[in-house]
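J.: sharing a sequence plus its predicted fold:
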Amino acid sequence: MIYCRVKELLNKKGEDITWLANNLKCSIEFAQELVDNQNDSIDFEMIEKLCDIFDCTPNDIFDISTN
């Protein structure tokens, strides 16, 4: 299973869900799904936006869980 590390990145940056939603230009609900790792899919444009706002690469955003 692929795990999205948005919550960890958000905490490291010291920001909240509202900040994330505003920077991604998405709804609070979608931002919350990312933080809670509850989304079923994510498009390349959103991955690029996440990389831009967190100043990271896709490898920093995703991890593969072996559980």
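T.: Received, thanks.

J.: every contact and neighbour count from this point should use C-alpha atoms.
T.: Fine.

J.: the protein: strands as residue ranges?
T.: For the chain, strands defined by DSSP state E occupy the ranges 2-4, 62-64.

J.: mind giving me the packing neighbours of the last one?
T.: With contacts defined as 3 or more C-alpha pairs under 8 Å, 6 or more residues apart in numbering; DSSP states H and E, the packing partners of strand 62-64 are strand 2-4.

J.: same check on the first one?
T.: Using 3+ C-alpha pairs under 8 Å, 6+ apart as the contact criterion, the neighbours of strand 2-4 among helices and strands are strand 62-64.

J.: other residues contacting the strand it packs on?
T.: When contacts are taken as C-alpha atoms under 8 Å, 6 or more residues apart in numbering, the neighbours of strand 62-64 outside the stretch itself are 1-5.

J.: among those residues, who's most crowded?
T.: The residue in the contacts of strand 62-64 with the most neighbours, by other C-alpha atoms under 10 Å, is C4 (22 neighbours).

J.: so who does D60 touch?
T.: D60 neighbours (C-alpha under 8 Å, 6+ apart): R5.
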